[in-house]
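Student: Need a 3D model of the sequence below.
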Amino acid sequence: MTLLARDEDDVVDAQLAHHLKAGVDFVVATDNGSTDGTTEILERYARGGVLHLIREPGDAILQSEWVTRMARLAAEDFGADWVINADADEFWWPRSGSLKDVFATIPERFAVVRGAWRHFLPRPEGEGAGDVLERMTVRLRRPAFPGDKATIYHAHQKVAHRARADVVVGDGNHDVDAAGGGLAPLRGWYPLEVLHYSFRSRAQFEQKATRAYEGWLRNPRVEPSLHQELAYEACRSGTLDAYYGQFVVDDRALERGLRDGTLAVDTRLRDAVRALRAADGAFRLPGDLGPELSSQPPAVREDAEFVEEITPLVEIDGLVRVEVRVDALERRLQVLGRGRRRLAPR
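Tutor: Next up is the predicted model:
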């Protein structure tokens, strides 16, 4: 797994322990100038022999460049077969079996498999004794359409890929390519969920909104997204409480969401993470984690709800394929046109 982290000490320890339990063998991590306890957590896993740590102290966010570098290191230096490119607030969850079980089923001709984002929403901060994964057990069942850039809570995919020394990972880890081609995606199947905990507390939201927006502004290739711009403006204009408050699910909102089908209570990760802690509450390193996590296949109703939730991804995927075919046809016509001009009599 590659991991890009910046000031994520409220979740990164659990994130690492979870993935090492779920089938990840090794982590290549980049710490982008963290000022909280994130660096110390990453160093602990590095001392445990399961993580290679890269430090990037700058304020610019160069995500594609950094993740591409890590993914190539995974292939060239650490013997990876498959690579998951993850953020610290993402927990990859196999819908059946372990991560290794999922990747073992992929036919050789395919090199990319998708995971579907599933968004967890913040709860009032007085609950859960300060542990965000104990508190955040409410999942959004009807995310916004992928084209809605005003919110991070839209349907989207993340990708895992076969290890390649020439891989190029796009910004956001939503897609990959390779200089030599051949990274064919397995379409229409989402055997992995990416449990996403983007906004977790008011303080974390404010810090993330500010640093993310300013960091992307310093990227010469990519501008901040609309939802990042709106969050940053809320921080600057003194409307942060109202802006962040619209994401928080209190008891009344939860009851209403369960009734109308827009929300669900999902305790899978909370329960799995509980089992990873030692008696003193600290997360155990891989040698002490016990057997590999293996999830049970979902019930028919759960499977139907999952398909309903990711339907926008399937629709968008169809549009992308049409665009690719149109682009290929246009290139072919251009080649044919150049050939006719060369053959035309003078």
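
Student: where in the stretch 51-200 of the chain is pLDDT low?
Tutor: 127-130 (pLDDT under 70).

Student: now the strands for it?
Tutor: With DSSP state E, counting those that start in this stretch applied, the stretch 51-200 of the chain shows strands at 51-55, 82-87, 90-94, 112-121, 138-140, 157-162, 167-169, 176-178, 192-196, listed in chain order.

Student: Show me how far the third one is from its chain's centre.
Tutor: Taking the mean C-alpha point of strand 90-94 and that of its whole chain, the gap between them comes to 8 Å (C-alpha atoms, centre = their mean, to the nearest Å).

Student: now for it, which elements pack on it?
Tutor: In terms of contacts (3 or more C-beta pairs under 8 Å, 6 or more residues apart in numbering; DSSP states H and E), strand 90-94 is packed against helix 12-22, helix 99-104, strand 157-162, strand 192-196, helix 268-274. Where C-beta positions appear, they are placed from N, C-alpha and C, glycine not excepted.

Student: any chance of the ones you listed in TSV, with distance to Thr151 and mean neighbour count too?
Tutor: Written out in TSV, the entries for these read as follows (distance: least, C-beta to C-beta, whole Å; neighbours: other C-beta atoms under 10 Å):
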stretch	distance to Thr151	mean neighbour count
helix 12-22	23	24
helix 99-104	29	18
strand 157-162	16	23
strand 192-196	12	23
helix 268-274	22	16
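
Student: For stretch 238-253, measure first residue to last.
Tutor: Between the start and the finish of stretch 238-253 there is a gap of 25 Å, counting by C-alpha to C-alpha, to the nearest Å.

Student: tell me the mean pLDDT for it?
Tutor: Looking at stretch 238-253 alone, the average pLDDT works out to 95.

Student: what does that stretch rub up against?
Tutor: Outside of stretch 238-253, the residues within contact range by C-beta atoms under 8 Å, 6 or more residues apart in numbering are 121-124, 138, 153, 199, 202, 205-206, 230-231, 234, 257, 263.

Student: Just the closest of these to Pro107, please.
Tutor: Tyr153 (33.0 Å; C-beta to C-beta).

Student: quick one, what contacts the closest one?
Tutor: By C-beta under 8 Å, 6+ apart, the neighbours of Tyr153 are 119, 121, 140, 143-144, 198, 247.

Student: Which members of the residues you listed are classed as buried?
Tutor: Restricting the contacts of Tyr153 to buried positions leaves 119, 121, 140, 143-144, 198, 247, with burial counted as 16 or more other C-beta atoms under 10 Å.

Student: Same list as before, these that is, but in CSV and with distance to Gln63 included.
Tutor: Formatted as CSV, the buried ones among the contacts of Tyr153 follow (distance: C-beta to C-beta, whole Å):
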residue, distance to Gln63
His119, 20
Leu121, 24
Leu140, 24
Pro143, 22
Ala144, 22
Ser198, 15
Phe247, 23
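
Student: Give me the phi and psi for Leu230.
Tutor: Backbone torsions for Leu230, taken as degrees, to the nearest 10, come to phi -70, psi -40.

Student: pLDDT at it, what is it?
Tutor: Here the pLDDT value assigned to Leu230 is 92.

Student: Identify whichever of the strands of the stretch 51-200 of the chain lies nearest to Gly23.
Tutor: Closest approach to Gly23 among these (C-beta to C-beta): strand 90-94, 7.6 Å.

Student: burial measure for Ala75, as a count.
Tutor: 19 (other C-beta atoms under 10 Å).

Student: was I right about Glu90 contacting Lys158?
Tutor: Yes: with contacts defined as C-beta atoms under 8 Å, Glu90 counts as touching Lys158 at a distance of 6.9 Å.

Student: intersection of neighbour lists for these two?
Tutor: Common neighbours of Glu90 and Lys158, counting by C-beta under 8 Å, 6+ apart, are Val194.

Student: can you count the residues close to Gly281?
Tutor: Around Gly281 sit 7 other residues, with neighbours defined as other C-beta under 10 Å.

Student: and the spatially closest residue to Leu3 that is not a sequence neighbour, which of the three is it?
Tutor: Take Leu3 and drop its neighbours on the chain: the residue closest to it by C-beta to C-beta, 6 or more residues apart in numbering is Ala29, 4.3 Å away. Going by DSSP: H, G, I helix; E, B strand; the rest coil, the secondary structure assigned to Ala29 is strand.

Student: Across the sheet, point out what pairs with Val27.
Tutor: Judged by DSSP bridges, the bridge partners of Val27 are Leu51.

Student: wait, doesn't it sit right on Val50?
Tutor: Yes: applying C-beta under 8 Å as the test, Val27 and Val50 come out as touching, 6.3 Å apart.

Student: Looking only at neighbour counts, state which of those two leads.
Tutor: More neighbours sit around Val27 than around the other of Val27 and Val50, counting by other C-beta under 10 Å; the figures are 24 against 17.

Student: Mutual contacts of Val27 and Val50, please.
Tutor: With contacts taken as C-beta under 8 Å, 6+ apart, the residues that reach both Val27 and Val50 are Leu20.

Student: does His52 really touch Val27, like I thought?
Tutor: Yes: the pair His52 and Val27 qualifies as a contact (C-beta under 8 Å) at a distance of 7.3 Å.

Student: what about the helices in the stretch 201-346 of the chain?
Tutor: Listed in chain order, the helices of the stretch 201-346 of the chain (DSSP state H, counting those that start in this stretch) span residues 202-217, 226-237, 240-245, 251-260, 268-274, 300-343.

Student: quick revisit: tabulate the strands of the stretch 51-200 of the chain in JSON lines, adding columns for distance to Leu293.
Tutor: Compiled in JSON lines, these are given as follows (distance: least, C-beta to C-beta, whole Å):
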{"stretch": "strand 51-55", "distance to Leu293": "18"}
{"stretch": "strand 82-87", "distance to Leu293": "14"}
{"stretch": "strand 90-94", "distance to Leu293": "8"}
{"stretch": "strand 112-121", "distance to Leu293": "15"}
{"stretch": "strand 138-140", "distance to Leu293": "19"}
{"stretch": "strand 157-162", "distance to Leu293": "16"}
{"stretch": "strand 167-169", "distance to Leu293": "25"}
{"stretch": "strand 176-178", "distance to Leu293": "25"}
{"stretch": "strand 192-196", "distance to Leu293": "13"}
